[in-house]
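Peer 1: with the input below, show me the fold.
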Amino acid sequence: MSATASAAQPLLPDVTAADEPDDATLLMLLEALLFVAVEPTPADRLATALGVSVERVQAGLTQLEAQLHRRGIRLQRHREAFQLVSAPEAAAAIETFLGLDLTTKLSRAALETLAIIAYRQPITRPQIEAIRGVSSDGVIRSLLHRGLIEEVGRLEQPGRPVLFGTTFEFLRYFGLTSLDDLPPLEEQLVAEMARRVG
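Peer 2: Prediction:
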């Protein structure tokens with residue numbers, strides 16, 4: 001066998017559609033697919049691409065998340081989609097390396113509105129305003145523009161108001177891997193928010 005032919009040999013076994021990858025190969029393939037994905041990817045799409053069950057993909061993603069926990073990239077999940085992101089601890093080095101200003105602060109009103117959306121999503125503008133006690137049009141527009149929130153549907157009631165939820169960018173901005181990483185709210189605050197929304 002020539003050196004050229006030998007160099008062309010893959011380091012890992014070639015997985016065809018008819019083969020089901022073993023666990024180690026599945027993790028490698030999941031990492032590769034998420035690395036090249038241009039947007040957050042649902043588990044069912046990964047399962048289809050790899051010819052395995054969604055359950056295997058979800059188990060593999062849990063393993064991959066644990067493996068990446070102390071590395072420079074992390075597995076981020078939001079709703080039913082996944083993506084690879086840089087570790088939040090690396091933000092300052094990345095900012096310097098890329099010449100970015102990632103420290104643009106959010107206003108108090110924006111942080112307050114964002115917290116309400118994060119903990120009560122999906123939520124409408126009138127529900128946000130009932131909790132805050134002031135108009136939130138401008139703040140919501142700003143958060144939409146920054147990509148920290150998005151429209152996630154409409155409420156089934158007269159006027160069909162827009163429902164808002166947080167985005168992957170929200171998770172990235174605050175260095176969270178999922179919404180489960182949000183600190184728990186005190187029961188008194190939860191009760192007060194529920195009372196104001198009605």
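Peer 1: I'd say R77 and D181 touch.
Peer 2: No - counting by Cβ atoms under 8 Å, D181 is not a contact partner of R77; they are 10.2 Å apart. Glycine gets a C-beta too; all of them are placed from N, C-alpha and C.
Peer 1: which one of the two is surrounded by more residues?
Peer 2: Per other Cβ atoms under 10 Å, whichever of R77 and D181 has more neighbours is R77, with 21 against 11.
Peer 1: for the more buried one, give me the pLDDT.
Peer 2: Reading off the confidence values, R77 has pLDDT 88.
Peer 1: that one: what secondary structure?
Peer 2: strand (DSSP: H, G, I helix; E, B strand; the rest coil).
Peer 1: what's the closest non-adjacent residue to it?
Peer 2: Among residues not flanking R77 along the chain, S178 sits closest, at 4.6 Å (Cβ to Cβ, 6 or more residues apart in numbering).
Peer 1: cool, and R154?
Peer 2: Leaving aside its chain neighbours, R154 sits nearest to R160 (4.3 Å; criterion: Cβ to Cβ, 6+ apart).
Peer 1: and for L34?
Peer 2: Distances taken as Cβ to Cβ, 6+ apart place L84 nearest to L34, at 4.8 Å, with adjacent residues excluded.
Peer 1: give me the mean pLDDT for the helix or strand encompassing that neighbour.
Peer 2: Counting by DSSP states H and E, the element that carries L84 is strand 81-86. Confidence for strand 81-86, expressed as mean pLDDT, is 90.
Peer 1: what residues of it count as buried?
Peer 2: For strand 81-86, the neighbour count (16 or more other Cβ atoms under 10 Å) marks A81, F82, Q83, L84, V85 as buried.
Peer 1: by mean pLDDT, flag the weakest helix or strand of the chain.
Peer 2: helix 3-7 (a mean of 44; mean pLDDT, DSSP states H and E).
Peer 1: the helix or strand following it relative to strand 81-86, how many degrees between them?
Peer 2: Downstream of helix 3-7, the first helix or strand assigned by DSSP H and E is helix 23-36. Put simply, helix 23-36 runs at 80 degrees to strand 81-86, going by axes from the mean of the first three to the mean of the last three Cα atoms, to 10 degrees.
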